[in-house]
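1. Here's my sequence, what's the structure:
(2 chains)
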Amino acid sequence: MTGSAEPGIADGGPSAAARRGERRNVVAAVRAAVLVALLAVALSTPGFLSQPSMLSLLTTVSFIGCVAIGMTLITISGNIMSFSLGALTGATAMIFVLAVNWGGFACGLAAALVFAGLANALQGFLIGWLRANPIIVSIAALALIYGVAEAFAAHGTIYAAAGTSSGGFKGKIAGLPVEFVVLLAITAVAQFILSFTVFGRNLFLLGASFRAAETVGVRTWRAITGAYLWAGLFTAAAGIMLAIRYDAASMNYGVGYEYDAIAAVLVGGTVIKGGEGSAVRTLAGAIIIGIIQVVLVLQGLRSEWQYLIAGLIVLGVIALQTQGTRD
Amino acid sequence: MKLFSRDDPHMRPLLILAGCILGLALIDVREFVTMATAASTLETFATIGLVALGLGLTMMIREFDLSVVGMYSMAGCIAVVMGGDNAWLGLACALAAGLLGGLAQGFIIVRLRLGSVGVTLGGLLVFAGIAYVVTENRALPYDNMAVALYLSAPIGGVFSIRNLVAIAIFLAAAVVIGLTRYGRDIIATGSDRRAAMTAGVDVDGLIVGIFGFSGLCAALSGALLSYSLASASPSGLSDVIVPAAAAAILGGVSLAGGTGRPLGIAMGVLSLAVLRAGFNAIGAPPYVNEIAMGAILLIVAVLDGAYLARRLSWLRRAH
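-> Below you'll find the model as predicted:
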């Protein structure tokens, strides 16, 4: 028992830092054990590795994954979550279909990205510039988006006009569904922003301590508006891909996505308080939840158990995030 | 700006309520000022009021109970599943689930020193999951029509058992918080937790208790709504968080904690209920109400923004 490099032991008692380190080790061990167990169950489930099951897993993960990557930026910046990303997904899909029917694919793409980016950046501006509460602003945006969408499309579903079908986007690239390739690309972009740009570093600083960020001269409102802008763009990708997949759009498409997305963010290990996390982790979180759902279905459990088990996992993950500090 | 001054948060809900009533009366006084509008206002009050009360109380101690949405639909489903033969049994099961769920969340928050948004987000997903499991993911009818009719039968023109229950609980909460030391403890905890602790307030106990109360309120209104609609579905009731949060904030509860009172929250709920019933009465399509609610919530969020004064003075100087 020599040379155990336990730092910070002074006067007999372990320091707070050492205890936190210990805690972190426990959390890491629990996380690894759960992952190994999950993989073992998944691989021993008959049919899990079959191609249809894999393809459906990757496609389902893709839509929620894009929203979750956007949510990651919001969570890291210290603004917890946005409740309007699900509504934004549906609204973006509708705008996309309308614009494609009017002026072709490029027009649809541009309209969808501009709409989602602006709608979300506006919320980010109110939250960052005025320090309005992010939960309340996003709940208000949720009501506004649903209300306005209902006013314009009372009958629910909008269909793509004949001949505008974007067939090339329904295929596969290197054996992977296009949707999943898009998700990988978005993850890469988000991770690049977070790891290699000043803007990304500012987001971590903001999430760790708003006051510290302000003191060292970060233009806090710009960073927060930027985080929401990117979150809007990533969410737009989900809406666009849903519209392409179904050649239609309705506000039902994104219902509940905000909860699925935050679940993926938290299961991946991004901290709900902000200041810590990554896009790659969120991707892993989304895939883990996807695997659990596939396994539950293949094992013959009724689909509704997915919701309960996903909820229990999120609760467990949040409980493990405790680090003895609060507010 | 005087209207929304921070010095007198108790005036705001009254002014907003008066504004809503006046505005709607100006649009169409004959369609708006009727007994039917009053009755439908109180029905909406019963539907969102108790959820807003529980959520508002958690906001007053500077926490936020997101799980009310999940609790609301879970309690409705439990009541309908368990109360097939005996409505009281279903109600008791739903209330027990609400109380236990709320207390458990409060306990986790206090013991693990976790933020309430994260914990109640987990709670929301778990409660919603339980709702899906007990209903096997479908809408369930409640065959005991007598109970549905009994709950919604008009009393004295505008009241019903359902809205009388909500009103009674609001009054009880107002009395307890206004006249006992719990009210002061809540405000103290919400204003400055450390100071409250130093002054001898049992902050941890208070937090657990308030989350228990919030769970109970959400469960009660969810169960009563499912009974009166004679159906329950795991996904159907989830749009209650928007009006509940809006009502609490309109009612003078600040997200920064330490302000608000039950009667203020009641005013906030009444404002939204008057809006909904009024828009209905004057024949506006349903999305008008949704947009109005979102706009009001957004305006209040902006007016409550921590940097609003600073930015306004900056703008003034820039000119």
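2. List the buried residues in stretch B:92-111.
-> For stretch B:92-111, a neighbour-count test (16 or more other C-beta atoms under 10 Å in any protein chain shown) marks B:92-95, B:97-99, B:101-110 as buried. Backbone N, C-alpha and C define where each C-beta goes, glycine included.
3. So which of those are in helices?
-> B:92-95, B:97-99, B:101-110 (DSSP state H).
4. where's residue 277, which helix or strand?
-> Answering for chain A, as no chain was given. For A:Gly277, there is no helix or strand it lies in under DSSP states H and E.
5. looking at chain B here, not the other one
-> Using DSSP H and E, B:Ala277 falls in helix B:262-281.
6. any idea which helix or strand comes after that helix?
-> helix B:286-303.
7. Could you check how far B:Gly209 is from B:Arg194?
-> Going from B:Gly209 to B:Arg194 by C-beta to C-beta, to the nearest Å gives 19 Å.
8. what about these two, which has more around it?
-> With neighbours defined as other C-beta atoms under 10 Å in any protein chain shown, B:Gly209 and B:Arg194 compare such that B:Gly209 has more, 19 against 8.
9. Name all residues that make contact with the more buried one.
-> Residues in contact with B:Gly209 (C-beta atoms under 8 Å, 6 or more residues apart in numbering or on different chains) are B:Gly106.
10. how close does it sit to B:Leu216?
-> Distance from B:Gly209 to B:Leu216, counting by C-beta to C-beta: 10 Å.
11. list residues touching both of these two?
-> Common contact partners of B:Gly209 and B:Leu216 (C-beta under 8 Å, 6+ apart): none.
12. ok, which residues in the stretch 51-200 of chain A are in contact with chain B?
-> A:80-81, A:83, A:126, A:129-133, A:135-137, A:139-148, A:150-151, A:154 (C-beta under 8 Å from any C-beta of the partner chain).
13. Which of the residues you listed fall within helices?
-> Going by DSSP H, the helices hold A:126, A:129, A:135-137, A:139-148, A:150-151 from these.
14. Provide a ChimeraX selection command restricted to the buried entries of those residues.
-> Only the buried entries of these go into this ChimeraX selection, using 16+ other C-beta under 10 Å:
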select /A:126,129,135,136,137,139,140,141,142,143,144,145,146,147,148,150
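15. mind showing which ranges of the stretch 51-200 of chain A have poor pLDDT?
-> Residue ranges of the stretch 51-200 of chain A with pLDDT under 70: A:154-155, A:162-170.
16. Show me the strands in it, by range?
-> A:158-159, A:172-173, A:176-177 (DSSP state E, counting those that start in this stretch).
17. can I get those strands in TSV with mean neighbour count?
-> Converted to TSV, the strands of the stretch 51-200 of chain A look like this (neighbours: other C-beta atoms under 10 Å in any protein chain shown):
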stretch	mean neighbour count
strand A:158-159	16
strand A:172-173	12
strand A:176-177	20
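18. Report how many residues lie close to the closest residue to B:Ser233 other than its chain neighbours.
-> In this structure, B:Ser233 finds its nearest non-sequential neighbour in B:Ala139, 3.7 Å apart by C-beta to C-beta, 6 or more residues apart in numbering or on different chains. Neighbours of B:Ala139 under the rule other C-beta under 10 Å: 13.
19. Next: B:Gly258.
-> When counting by other C-beta under 10 Å, one arrives at 20 neighbours for B:Gly258.
20. And for A:Val26?
-> A:Val26 has 11 neighbours, counted by other C-beta under 10 Å.
21. do the same with B:Arg30
-> Count around B:Arg30 with other C-beta under 10 Å applied: 9.
22. would it count as being in a strand?
-> No: with DSSP: H, G, I helix; E, B strand; the rest coil as the criterion, B:Arg30 is located in helix rather than a strand.
23. Read off the pLDDT value for it.
-> Per-residue pLDDT puts B:Arg30 at 76.
24. Spit out the contact partners of it.
-> Contact partners of B:Arg30, counting by C-beta under 8 Å, 6+ apart, are absent.
25. do B:Leu42 as well
-> Contacts for B:Leu42 were tallied using C-beta under 8 Å, 6+ apart; they are B:Val158, B:Phe159, B:Ser160, B:Asn163, B:Ala273.
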